[in-house]
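**Student:** Show me the folded form of this:
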Amino acid sequence: MKKKIVIVMVALGVIGAGLYGGAYLIYQTKVKNIELTHPSLKDVADGQYTGGVNAIFVQATVKVDVKDQQITTIELVKHVKDRGEKGEGVVAEVLVAQSTDVDTVSGATNSSRVILKSIENALEKGVD
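**Tutor:** Residues are numbered from 1 along each chain as shown. As a prediction, the model looks like this:
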């Protein structure tokens with residue numbers, strides 16, 4: 001009886017590890033395939049826009065306010081992170097640069113890329 005329990009527990013562990021490994025591979029692929037396009041603010045109408053990205057282990061949702069072809073505020077509504085809290089620093093960089101063409105945060109590259117693409121997705125909703 002104990003032998004069967006051990007076999008079942010090992011099997012469940014192997015299945016769980018396989019599922020996690022598969023999800024992690026999908027996550028890495030999603031982040032790697034993020035294409036940052038750096039939309040021009042001159043094409044974005046005034047307003048508040050919401051954008052987001054779900055890359056499994058890293059997710060972000062932002063609200064971006066645009067007025068007179070300038071980003072006035074960026075609110076990070078949601079950030080699910082895989083050790084990437086430092087990545088939230090890109091929000092301030094985007095505000096200063098008035099562009100998503102900024103460096104990612106070292107040690108939080110995946111979170112930085114997900115947040116930047118979320119900002120771009122929001123801005124693209126305001127393009128005429």
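**Student:** C-alpha only now, for contacts and for neighbours.
**Tutor:** Will do.
**Student:** what residue lies at the spatial centre of the chain?
**Tutor:** Nearest to the mean C-alpha position of the chain, counting by Cα atoms, centre = their mean, stands Val114 at 2.1 Å.
**Student:** where does that residue land in three-state SS?
**Tutor:** helix (DSSP: H, G, I helix; E, B strand; the rest coil).
**Student:** Quick one: residues contacting it.
**Tutor:** Contacts for Val114 (Cα atoms under 8 Å, 6 or more residues apart in numbering) come out as 31, 34, 53-55, 58-60.
**Student:** give me that answer again for 7 Å
**Tutor:** 53, 59-60 (Cα atoms under 7 Å, 6 or more residues apart in numbering).
**Student:** pLDDT score assigned to the spatially closest residue to Asp68 that is not a sequence neighbour?
**Tutor:** Once flanking residues are discounted, Asp68 sits nearest to Asp46: 6.4 Å by Cα to Cα, 6 or more residues apart in numbering. In the predicted model, Asp46 carries a pLDDT score of 97.
**Student:** Could you count how many residues lie near Asp46?
**Tutor:** The tally of other residues near Asp46 (other Cα atoms under 10 Å) stands at 16.
**Student:** From what I see, Lys81 and Phe57 are in contact.
**Tutor:** Yes - between Lys81 and Phe57 there is a contact under Cα atoms under 7 Å: 6.4 Å.
**Student:** Have a look at these two and say which one is more surrounded.
**Tutor:** More crowded of Lys81 and Phe57, by other Cα under 10 Å: Lys81, with 20 against 17.
**Student:** quick one: the residue nearest to the more buried one when sequence neighbours are not counted and Thr100, what's the gap?
**Tutor:** Distance criterion Cα to Cα, 6+ apart; nearest residue to Lys81, sequence neighbours excluded, is Val58 at 4.7 Å. Distance, Val58 to Thr100, using Cα to Cα, to the nearest Å: 18 Å.
**Student:** again, but for Tyr49
**Tutor:** Where Thr100 is concerned, Tyr49 sits at a distance of 15 Å (Cα to Cα).
**Student:** where does the chain dip in pLDDT?
**Tutor:** 19-23, 82 (pLDDT under 70).
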